[in-house]
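S.K.: mind looking at a prediction? Sequence and model below.
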Amino acid sequence: MRFRRQPFYLPLVLVALATGAGLSSAQEPSIPSAPSASAGSPSARIPFTGFELDNGLKVILSQDRLLPRVAVNLWYHVGPVNEPKGRSGFAHLFEHLMFEGSRNVGRQFDTLMEGMGASGINGTTNWDRTNYFETVPSEHLATALWIESDRMAFMSLSPERLEAQRAIVKNERRQSFENSPYGLSDLELLDTLFPSGHPYHGAVIGSMQDLSAARMVDVDDFYRTYYAPNNATLVLVGDFELERAKALIEKYFASIPRREVPKTAAPLTPPLPAPVKRTVHEDVELLRIAKGWITPPAFSAADPALRVSAAILSTGKASRLYRALVVEQNLASEVSAYVDANRLCSILGVDAKASSDTNADALAAGLTRVLADFAKNGPSERELARAKKSLLVELFASLEHLNGPDGESGRAGLLQRFSYYMNDPGYLERWVQSVNAVTRDDVLRAVQQWLDERHAATVITLPKAPASKPNAPEPSAPKLGAPKPSAAKASAPAASLGSPPVVETKP
Amino acid sequence: MTQLTLAFCCSLLLGSCGALLLGACGSPPPSAAPAPPAPPPKTGAKTSVEAFRAGAPAPETPRVFTYPTPKLERLDNGLTLYVVERDTPLVVASLVLMSGSTDDPSGKSGLAAMTARMLTEGTRKKDDRELAEASEDLGSELGASASHDTTTLDFEFLAEDLARALDLMAEAFTEPRLDATVFGRVKAQWLDQLTSERQEPTALAAIAGMRATLGPAWGAPTQGSLSGVRALSVQELVRFHRANYHPERAALVIAGGVGADKVRAEASRAFKAWARARPGAVVPGARSPSPAPAPAEPASRALAGKFNRVFVVDRADSVQSALFVAQPFPARSAPGYETRELLNQVLGGMFTSRLNQNLREKHGFTYGARSYNYALGRFGVWFLATSVRTDSTAQALSEILSEVASVRRASPVTPAELDRARQELLGSYAAHLEQSGTVVEDIAGLFTHQLKPEYLSEFGSLLLGVRPEAVQQEASTHLEPETLVAVVVGDKRQVLEGLKAIAVEVIDAPAALLD
């Protein structure tokens, strides 16, 4: 679950059905992963130097002089987990406000950035962290550091601009959920996994009511409390001279005073105590079943096997869910399985969108059969090797980026993730080894332990006017949540014959 | 055959031929305007007295480097080959055929797309499952798709798997099984996906908008219309494949951790059996652009400040309206493409564009708005896409119309805007070099539009040479507010009255636009 300041835009009409298969295999893009056991395979490594300024700002530098560009990537270790009561969505709203200006830079953030040829300029908020990133021509590194340090130390905001960003963020919520097919169902799944009171409650984007409630004094408090150098990590990847970069960082950041930052409580989240099933009626033609399980946190012991499991389930046309539900049984038109890895827990999710002549019971039964068989027999050696290789290829593709699209993939993003979650920016190699070491038994055990129907959240999306769908009878599940109109999901088949501004809404 | 290996050239020699000077001329970043009144600082840092913070630091000397210039070569059977060697363990490969959805015969919308889709559903030697397993064993899914101008087969794999990967690509592309039973299953799935896509307001607006702008043939969606796909038979795919899939009109584009010699040897072997078409059967090469299609109905001149036609697709209770606003625009080969790219950047192509600043930052109607100079082989279209709060629908459209009209005359592109547009475009372009995938796309574009290989390295200089007057000339020549067509996918009950005030005609989108 990530929200960002700027939508991603797909060049409409250009983008064809990328795979044709309509798999929206949503292995969490940010996640690195995997290695192939085959001898002589290239290794995954990001060379870096790390140090800490006296004020507690962590710095990680990784030089690569191929292109004359530098990725600047700044993580603040604050997110929705730190929101006060009644202020869901505030961490993300605050992220938008950080682009509104600072004392010395003024309200020139975007003109300066675009004017100097920066690319990938954005910020994103996830449950545990908020990040800000851009990739600039190397001759402008000092300017980027000047801007980032100015908003760390001297953010400024007028009440009018708070109103403007509040309106924009509400539009983002509409576009991502309320006006997006299956968006309300995605919210329902998250609310089921993280009910009121859970630190992750509110789906990062927050409720309209809480967004309306935010005041200038909240902004001031949040900024003062969490936007301290000792609560942040700065990563540079790209073309710079090491000593020069250190000097610039010292110049712009060292005099920003350290402040006391309250510790974020980190209670680990256990699986749901009992299965929960919900139904949402939406303005869609094809019903969908989305399941989710609470699984252990990012990079914990079970994580590698769970990622391999998700890949075996839905990556590619040879995957379990695709073969069974789409090809052989004609029950689904799209399937996906993903891991959304975070600090208090992760989510393993499985979605199946029905084919046009399938009812919910048949699809549910098909899904259950595939998962039960997987839990009983585990993967074949070939499936295991294939999944690991796909994770490896995905990782190498990510490593080509200086900054990945969400600022948590690409080399800078991976250094940030490993630094934050594992306290070791160099953890990538061990992570790759641990994925590489996953055995058939590991997968079998992980699936049995974590993908247990007794702890599953299930959200069934039904078309609003079931009468028009002769064979989509109402299942017996309790009806819940006011169905709203909607449409469109970014992860729709890859079928982007044209979907202009698209906000990805991965649950 | 020519050596094709390309390397990044990090020369500091100015004036080297074809050099792309990024962040050109050491131009300082635009100076920061005086800050607006700010609330008192909240952190009480001693930093408040540091004089160096007052203004943007001077940039250092920019490094010059060039975008690699691919030399192209042809294999014996006429297949074009481009290779860019890069320092990565991965290889990205794309097989590009000069035949796409604009080649679909009348009534056969979806023929190119479905033929592409069936490439990955089995070959003469392998059934669908065996092909999927063999390719995914290499770490990624073999993907095929049709765009307006081309059909492509894409694959990503480790360098060590080059030979196997090219074998699979050749097999899928040149010997697809095109099995009737599999086709039945794939067609049903495809129709479900088309249906799903039409549930998405932004996609539906684009589908309707392209047809309303370009007419039923060129405006047809690249993935096919529902009725067109329903009517397709596997025999038609077989004929289409036989007629169009020939090496003379295809290119293999490869970027990644392999050298040109190795690629040439492996590609020659893998594609050896792919036969040329019978003499005279195929005309490879760029398409000649056609004149803009006549609008479906003769358009009366719009009243000042109004759209001629707004199409509405009703979605009861929508909290937003998806908007698609478009007009015909020059094809890719028409002179002035780079100038129009810059014009579009200023108008709606970047974050600080006029349209995004207006609709998002000033009015708060949307989360984002972006426009495109969508220049294709046979035609082009300029379009803007956004989603706006339902109660701002008419006003947002009115603002869009007014921005398009004013950039033509009342409020010409300023030198500062043009500089920013240039730098933003150059910056994004340079970022293409991070990934093999985007390098492959750039090179595929060379082939699609039959551009000389040096074009990629010259693109930067071309942008730098564009004068403000030229941008203005393109704006006044090609932007025609009176021909803009708008599609609104939203709650008709709530938006209709407002739309009547800003359009000569408000029309319920006919079913044919949504097909």
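M.R.: Great, that's in hand. Numbering: from 1, shown residues only, chains lettered A, B, ... in the order given.
S.K.: please make it C-alpha for all contacts and neighbour counts, starting now.
M.R.: Noted.
S.K.: verify the stated contact: B:Glu141 with A:Lys317.
M.R.: Yes. Shown here, B:Glu141 and A:Lys317 form a contact pair, counting by CA atoms under 8 Å, at 7.3 Å.
S.K.: and the next helix or strand past the helix or strand hosting B:Thr181?
M.R.: Secondary structure from DSSP states H and E places B:Thr181 in helix B:180-197. Of the helices and strands lying after helix B:180-197 in sequence (DSSP H and E), the nearest is helix B:201-214.
S.K.: related to what we said a few turns ago, intersection of neighbour lists for B:Glu141 and A:Lys317?
M.R.: Listed as contacting both B:Glu141 and A:Lys317 by CA atoms under 8 Å, 6 or more residues apart in numbering or on different chains are B:Ala132.
S.K.: can you read off the pLDDT for B:Lys71?
M.R.: pLDDT, B:Lys71: 72.
S.K.: sorry, back to before: list the buried residues of the helix holding B:Thr181.
M.R.: Across helix B:180-197, burial judged by 16 or more other CA atoms under 10 Å in any protein chain shown covers B:182-183, B:186-197.
S.K.: the chain - how does it break down into domains?
M.R.: Since no chain was named, I'll use chain A. A:23-40+A:268-502, A:49-253 (automatic domain parsing).
S.K.: I was after chain B.
M.R.: With automatic domain parsing as the reference, chain B has domains B:73-270, B:307-443+B:450-514.
S.K.: any idea how far the longest one is from the chain center?
M.R.: The reference is to domain B:307-443+B:450-514. Centre-to-centre, domain B:307-443+B:450-514 and its host chain are 13 Å apart (CA atoms, centre = their mean, to the nearest Å).
S.K.: can it be said to contact chain A?
M.R.: Yes. For domain B:307-443+B:450-514, a contact with chain A is found by CA under 8 Å from any CA of the partner chain, at B:315-320, B:351-352, B:360-370, B:372, B:385-389, B:419-421, B:423-428, B:431, B:433-436.
S.K.: ok, A:Ile168 - contacts?
M.R.: Counted by CA under 8 Å, 6+ apart, A:Ile168 has contacts B:360-361, B:364-367.
S.K.: after the helix or strand hosting it, which helix or strand is next?
M.R.: For A:Ile168, the host element (DSSP H and E) is helix A:159-173. Using DSSP H and E, the helix or strand that follows helix A:159-173 in sequence is helix A:183-193.
S.K.: what comes up buried for stretch B:416-425?
M.R.: For stretch B:416-425, burial by neighbour count (16+ other CA under 10 Å) applies to B:417-425.
S.K.: with stretch A:372-389 instead?
M.R.: Using 16+ other CA under 10 Å as the test for burial, stretch A:372-389 gives A:372, A:374-375, A:378-379, A:383-389.
S.K.: dump the residues you listed into JSON lines; add secondary structure and pLDDT as well.
M.R.: Below are those laid out as JSON lines (DSSP: H, G, I helix; E, B strand; the rest coil; pLDDT from 0 to 100):
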{"residue": "A:Ala372", "secondary structure": "helix", "pLDDT": "97"}
{"residue": "A:Phe374", "secondary structure": "helix", "pLDDT": "98"}
{"residue": "A:Ala375", "secondary structure": "helix", "pLDDT": "97"}
{"residue": "A:Gly378", "secondary structure": "coil", "pLDDT": "97"}
{"residue": "A:Pro379", "secondary structure": "coil", "pLDDT": "98"}
{"residue": "A:Glu383", "secondary structure": "helix", "pLDDT": "98"}
{"residue": "A:Leu384", "secondary structure": "helix", "pLDDT": "98"}
{"residue": "A:Ala385", "secondary structure": "helix", "pLDDT": "98"}
{"residue": "A:Arg386", "secondary structure": "helix", "pLDDT": "98"}
{"residue": "A:Ala387", "secondary structure": "helix", "pLDDT": "98"}
{"residue": "A:Lys388", "secondary structure": "helix", "pLDDT": "97"}
{"residue": "A:Lys389", "secondary structure": "helix", "pLDDT": "97"}
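S.K.: starting at the chain centroid, how far to the helix holding A:Ile168?
M.R.: Worked out by CA atoms, centre = their mean, helix A:159-173 lies 22 Å from the chain centre.
S.K.: do the same with stretch A:49-64
M.R.: That offset, for stretch A:49-64, works out to 25 Å (CA atoms, centre = their mean).
S.K.: and that stretch, does that touch chain B?
M.R.: No. Legend: contact between stretch A:49-64 and chain B by CA under 8 Å from any CA is lacking; minimum distance shown is 11.1 Å.
S.K.: and that stretch, what's its mean pLDDT?
M.R.: Here the average pLDDT along stretch A:49-64 is 98.
S.K.: and the residue of the stretch 51-200 of chain B that's closest to chain A?
M.R.: Using CA to the nearest CA, the single residue of the stretch 51-200 of chain B nearest to chain A is B:Glu200, 3.2 Å away.
S.K.: hmm, A:Tyr182 and that residue touching each other?
M.R.: No. Taking contacts as CA under 8 Å, B:Glu200 lies outside contact range of A:Tyr182: 10.0 Å.
S.K.: and the two? which has more neighbours close in?
M.R.: Applying other CA atoms under 10 Å in any protein chain shown to B:Glu200 and A:Tyr182 shows that A:Tyr182 carries more neighbours, namely 33 against 25.
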